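In: Return atomic coordinates for the entry below.
(one chain, ligands or ions: 2)
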Amino acid sequence: MAGRVDLDGNPIKPITICMIGAGGFIGSHLCEKLMSETPHKVLAVDVSNDKIKHLLEPATLAWADRIEFHRINIKNDSRLEGLIKMADLTINLAAICTPADYNTRPLDTIYSNFIDALPVVKYCSENGKRLIHFSTCEIYGKTIGAFLPKDSPLRQDPAYYVLKEDTSPCIFGPIEKQRWSYACAKQLIERLIYAEGAENGLEFTIVRPFNWIGPRMDFIPGIDGPSEGVPRVLACFSNNLLRREPLKLVDGGESQRTFIYIKDAIDAVLLMIENPARANGHIFNVGNPNNEVTVRQLAEMMTKVYSKVSGESSLETPTIDVSSKEFYGEGYDDSDKRIPDMTIINKQLAWNPKTSLWDLLESTLTYQHRTYAEAIKQAMSKSTAN
Ligand code: NAD
Ligand code: UDP
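Out: Ligands and ions are numbered 1, 2, ... in the order given. Next comes the predicted model:
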């Protein structure tokens with residue numbers, strides 16, 4: 001750790017970070033990175049610490065004096081302002097961010113992504129503290145190309161689909177499509193943070209993650225989450241593979257996504273943390289434009305990779321189609337395509353993703369198999385016995 005320098009060659013000084021939502025998927029990987037590779041201190045705030053337990057216990061760990069967990073619900077806890085005041089930087093990851101909730105729990109989604117984030121922004125602004133806020137690629141909504149006729153050659157023109165922080169519009173569906181409650185709440189908090197920067201000098205960075213995936217993402221229904229719960233696609237498909245059920249393709253699995261390995265993305269966040277002069281005032285896309293697939297192609301690739309890592313044969317019918325209404329309920333809608341433009345992050349932080357989709361699925365599904373296969377087998381044999 002000695003002699004660490006920033007992108008401009010200046011020595012990096014140890015700082016204290018108040019990380020809200022530190023017990024989630026991204027937070028757990030960020031804490032791991034900060035503990036193992038930097039001298040920084042983390043005040044980890046969350047309602048749960050299951051995913052960072054390995055970093056908190058035992059007290060003999062090398063970083064034991066650099067991480068402390070605060071079990072706080074930021075909706076209603078007066079200790080939050082004190083923690084933000086104690087830190088040099090606040091990183092806010094806390095959110096409801098699973099699509100199955102956006103149309104079924106729109107009020108919770110809007111409160112979580114907008115109202116609950118307001119005090120965090122206010123405390124940072126009033127106390128002159130830097131903020132890194134996690135937004136989403138979903139802020140872009142649908143691409144302009146989605147509104148062109150299916151056979152229009154313009155659909156092949158990147159100008160109609162590549163998503164750029166400073167020029168692309170945010171295109172959401174009608175209000176009755178409650179899917180957009182999340183994107184809309186995230187958009188308004190981005191605008192508020194931007195305005196705090198412009199009017200009150202708040203030092204901020206906004207991150208727009210494009211489908212970060214890897215170990216510890218979400219939960220496996222019936223094992224470490226509710227049986228009826230619907231996590232994001234990586235965990236849904238992992239669950240299907242572990243249980244030897246067909247993978248469910250919503251509305252034909254035609255939507256396109258670019259997936260990035262969590263460890264590549266965390267490298268980008270660390271650069272933001274340690275290069276404030278280059279990151280402040282910017283909104284960054286963080287994704288891997290080279291890893292684009294349709295959801296159907298993702299299902300096919302995950303089926304192949306899982307077969308390789310588990311040694312099990314694939315099912316004869318590996319996928320089935322399901323309507324979005326059946327899978328998510330009324331009010332679901334979808335982003336058609338998400339390719340991040342990388343110009344700003346390349347220029348400011350000289351960062352590029354490295355890991356191919358096949359490689360990131362191989363390490364992630366190896367983890368899923370090692371972590372869950374036995375528990376699933378036991379749960380399934382118990383339910384057959386009953
Ligand atoms: P996650 O659900 O795993 O983590 C969120 C964490 O916030 C959870 O541990 C949760 O307990 C905590 N939290 C929520 N409300 C809280 C509250 N009121 N008080 C205290 N803690 C609370 O999700 P993630 O994938 O790690 O996402 C983190 C952030 O990144 C979110 O803001 C999300 O919108 C954004 N994001 C992530 C992705 C992705 O690809 N993973 C994509 C787009 C946006
Ligand atoms: N999806 C699917 N089957 C599933 C879960 C998700 O076809 O079991 C689709 C979903 O409709 C969307 C894509 O996979 O088109 C990605 O969904 P995810 O929940 O990961 O979040 P999003 O990228 O939409 O924010």
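
In: so what's the nearest residue to residue 117 once chain neighbours are set aside up against?
Out: In this structure, residue 117 finds its nearest non-sequential neighbour in residue 189, 4.9 Å apart by C-beta to C-beta, 6 or more residues apart in numbering. Bear in mind the C-beta positions are built from the backbone N, C-alpha and C, glycine included. Contact analysis of residue 189 by C-beta atoms under 8 Å, 6 or more residues apart in numbering lists 113, 114, 117, 118, 121, 133, 135.

In: Could you measure from the second one over to ligand 1?
Out: According to C-beta to the nearest ligand atom, to the nearest Å, residue 114 and ligand 1 sit 12 Å apart.

In: burial measure for the residue nearest to that residue when sequence neighbours are not counted, as a count.
Out: Leaving aside its sequence neighbours, residue 114 sits nearest to residue 185 (C-beta to C-beta, 6+ apart; 4.0 Å). By the measure other C-beta atoms under 10 Å, the count of residues near residue 185 is 24.

In: Cross the contacts of residue 189 against strands and list the overlap.
Out: Mapping the contacts of residue 189 onto strands (DSSP state E) picks out residue 133.

In: Name the nearest of the contacts of residue 189 relative to residue 36.
Out: residue 133 (24.6 Å; C-beta to C-beta).

In: circling back to that earlier point, separation between the residue nearest to residue 114 and ligand 2?
Out: From residue 185 across to ligand 2, the span is 14 Å (C-beta to the nearest ligand atom).

In: again with residue 203
Out: From residue 203 to ligand 2 the distance is 29 Å (C-beta to the nearest ligand atom).

In: Next: residue 69.
Out: Taking C-beta to the nearest ligand atom, one finds residue 69 at 28 Å from ligand 2.

In: Equivalent analysis for residue 315, please.
Out: Counting by C-beta to the nearest ligand atom, the gap from residue 315 to ligand 2 is 15 Å.

In: So that residue: helix, strand or coil?
Out: coil (DSSP: H, G, I helix; E, B strand; the rest coil).

In: wait, what's in contact with it?
Out: Residue 315 makes contact with 244, 245, 246, 303, according to C-beta under 8 Å, 6+ apart.

In: now swap in residue 211 and tell me
Out: For residue 211, the contact set (C-beta under 8 Å, 6+ apart) comprises 137, 257, 258, 259, 260, 287, 338.

In: who in this structure is up against ligand 1?
Out: Neighbours of ligand 1 within the chain, by C-beta under 6 Å from any ligand atom: 21, 23-27, 46-48, 73-75, 93-95, 97, 112, 116, 134, 136-137, 209, 211-212.

In: Quick one, which of those residues are buried?
Out: Taking 16 or more other C-beta atoms under 10 Å as the criterion, what is buried in these is 21, 23-27, 46, 74, 93-95, 97, 112, 116, 134, 136-137, 209, 211-212.

In: how about the nearest residue to the residue sitting nearest the centre point of the chain, chain neighbours excluded?
Out: Centroid check for the chain by C-alpha atoms, centre = their mean gives residue 212 as the closest residue, at 5.2 Å. Spatially, and ignoring its direct neighbours in sequence, residue 212 is nearest to residue 265 (4.6 Å; C-beta to C-beta, 6+ apart).

In: In this structure that neighbour contacts residue 351, no?
Out: No - with contact defined as C-beta atoms under 8 Å, residue 265 does not reach residue 351; the gap is 9.6 Å.
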